[in-house]
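Undergrad: Give the three-dimensional model of this entry:
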Amino acid sequence: MYIFADELHSYLKWPCLISFSHFQTCVSANRFLIQEEIFDVFVDKICSNIKTLKMGNGMDHSCSLGPLINTAQIDKVRHHTYSS
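TA: Residues are numbered from 1 along each chain as shown. Reported below is the predicted structural model:
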């Protein structure tokens, strides 16, 4: 996902909705390419948004994050985490 300065505000919620959704998504951003001038602002704001996410039972609509489906998905998330 490309993040540019001229539309920074519209991007701030979408990465959270796309990457941290308890709904199925057909496309999920694995990497963000952020314009250098807004990098620090984007990281600060997206981290603030991520801190508001609630982890729990995927059937509970008050939760933002549910469990991963299987071991392969856990391995994929670990790979993304360690390679970033």
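
Undergrad: all strands of this structure, in order?
TA: 2-3, 33-34 (DSSP state E).

Undergrad: and the first one, what other elements does it pack with?
TA: Using 3 or more C-beta pairs under 8 Å, 6 or more residues apart in numbering; DSSP states H and E as the contact criterion, the elements in contact with strand 2-3 are strand 33-34. Backbone N, C-alpha and C define where each C-beta goes, glycine included.

Undergrad: Tabulate the strands of the chain in CSV, adding columns for distance to residue 64.
TA: Output for these, formatted as CSV (distance: least, C-beta to C-beta, whole Å):
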stretch, distance to residue 64
strand 2-3, 21
strand 33-34, 22
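
Undergrad: now these in CSV, with mean neighbour count and mean pLDDT?
TA: Putting the strands of the chain into CSV (neighbours: other C-beta atoms under 10 Å; pLDDT from 0 to 100) gives the following:
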stretch, mean neighbour count, mean pLDDT
strand 2-3, 16, 78
strand 33-34, 14, 87
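
Undergrad: per-residue pLDDT, the closest residue to residue 84 other than its chain neighbours?
TA: The shortest distance from residue 84 to any non-neighbouring residue, by C-beta to C-beta, 6 or more residues apart in numbering, is to residue 31 (7.8 Å). Per-residue pLDDT puts residue 31 at 76.

Undergrad: close enough to count as contact, residue 31 and residue 83?
TA: No - using C-beta atoms under 8 Å, residue 31 is not in contact with residue 83; the gap is 9.6 Å.

Undergrad: What ranges in this protein fall below the confidence cut-off?
TA: Filtered on pLDDT under 70, the chain yields the residue ranges 13-30.

Undergrad: Between its first and last residues, how far does stretch 55-71 reach?
TA: Taking C-alpha to C-alpha, to the nearest Å, stretch 55-71 runs 18 Å from one end to the other.

Undergrad: Correct me if wrong: residue 65 contacts residue 57.
TA: No - counting by C-beta under 8 Å, residue 65 does not reach residue 57; the two are 10.1 Å apart.
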